[in-house]
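J.: Could you work out the structure for the sequence below:
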Amino acid sequence: MTAAARPRALSPRKRPTQARSIALVDAILDASAQILEAEGLDALTTNLAATRAGVSIGSLYQYFPNREAILASLMIRSEATLRSRVTTALAQTPPGDLNQGIRLVVAAAMDHHRAAPRLCAILEQEERRLGPLAKDELAGAEESMAGFVRAFLERAGRKAEDQVVRELELVGQALIAEALRTGRIGEDAEHRIAAVLASCAATA
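T.: This is a model prediction of the structure:
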């Protein structure tokens with residue numbers, strides 16, 4: 001398979017539109033997430049995902065051409081869940097209180113990762129590998145997170161210049177990725193990440 005063909009191969013063959021097909025795709029993604037969390041990346045195959053989801057391999061291939069397409073969809077779903085959590089945290093942040101906002105947002109992000117640490121670590125790792133090949137699939141999620149950071153800064157009364165937004169986003173991602181890699185995702189890591197981001201935001 002050529003590099004040019006790979007991005008297309010990461011896209012679902014078709015999008016579920018009816019309740020039954022949506023439930024089928026959700027079952028495949030749920031089963032795949034459970035395999036990754038319990039058994040790791042090497043254990044995930046399309047055959048095993050179909051078996052665990054209780055669907056035929058033919059049904060799986062109607063939506064996912066390969067394992068990488070499943071991983072890309074899991075990345076998008078994980079980003080959407082994370083976005084929902086941090087949006088709730090943002091709504092709870094008193095306007096103008098930058099430090100409290102950062103603490104609430106980091107806590108929400110870390111809660112998301114603590115819920116399935118091995119899965120999140122694998123998706124972070126695979127996003128680095130597949131990201132350049134799945135630019136179209138992941139672009140929406142990345143732009144949404146940038147929009148969230150921008151909204152967060154504006155709510156805290158800070159300038160939301162593109163460079164500042166990007167720097168804070170990258171720092172936050174790097175710190176959480178390192179916490180996942182080392183398995184240090186407890187409250188100590190949460191407080192350290194919040195302190196670093198608060199320092200970066202204060203000097204931006």
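J.: Alpha carbons only: can I get stretch 64-78 in CSV?
T.: Below are the C-alpha coordinates for stretch 64-78, written out as CSV (Å, rounded to 0.1, in the frame of the first residue of the first chain):
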residue,chain,number,x,y,z
PHE,A,64,-13.8,-0.4,8.7
PRO,A,65,-11.4,-1.5,5.9
ASN,A,66,-8.6,-2.4,8.4
ARG,A,67,-7.5,-2.1,12.0
GLU,A,68,-6.0,1.4,11.5
ALA,A,69,-9.5,2.7,10.5
ILE,A,70,-10.8,1.4,13.8
LEU,A,71,-8.0,3.1,15.7
ALA,A,72,-8.7,6.4,13.8
SER,A,73,-12.4,6.2,14.8
LEU,A,74,-11.4,5.4,18.4
MET,A,75,-9.2,8.5,18.4
ILE,A,76,-12.0,10.7,17.2
ARG,A,77,-14.4,9.2,19.7
SER,A,78,-11.9,9.7,22.5
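J.: Quick check: buried residues in that stretch?
T.: 64-65, 67-78 (16 or more other Cβ atoms under 10 Å). In this view, the C-beta of every residue, glycine as well, is placed from N, C-alpha and C.
J.: Quick test: name the residue nearest the centre of this protein.
T.: E79 (3.2 Å; Cα atoms, centre = their mean).
J.: The helix or strand that residue falls within packs against which elements?
T.: If you go by DSSP states H and E, E79 is part of helix 67-91. Here helix 67-91 touches helix 6-9, helix 19-39, helix 46-53, helix 98-115, helix 117-130, helix 135-155, going by 3 or more Cβ pairs under 8 Å, 6 or more residues apart in numbering; DSSP states H and E.
J.: report the angle between the axes of that helix and helix 98-115?
T.: Per axes from the mean of the first three to the mean of the last three Cα atoms, to 10 degrees, the angle that helix 67-91 makes with helix 98-115 is 150 degrees.
J.: what's the offset of helix 67-91 from the middle of its chain?
T.: 4 Å (Cα atoms, centre = their mean, to the nearest Å).
J.: got any ranges where the protein has weak pLDDT?
T.: 1-13, 131-145, 204 (pLDDT under 70).
J.: P117 reaches L180, doesn't it?
T.: Yes: if you go by Cβ atoms under 8 Å, P117 and L180 touch, sitting 6.5 Å apart.
J.: rewinding a little: please identify which pair of the buried residues of stretch 64-78 lies farthest apart.
T.: Taking Cβ to Cβ as the measure, the buried residues of stretch 64-78 span a maximum distance of 20.3 Å, between P65 and S78.
J.: which SS class is the residue nearest to G96 when sequence neighbours are not counted?
T.: Of all residues not flanking G96 in the chain, G157 sits nearest, at 4.8 Å (Cβ to Cβ, 6 or more residues apart in numbering). What DSSP: H, G, I helix; E, B strand; the rest coil gives for G157 is coil.
J.: wait, what's in contact with G157?
T.: Residues in contact with G157 (Cβ atoms under 8 Å, 6 or more residues apart in numbering) are P95, G96, L98.
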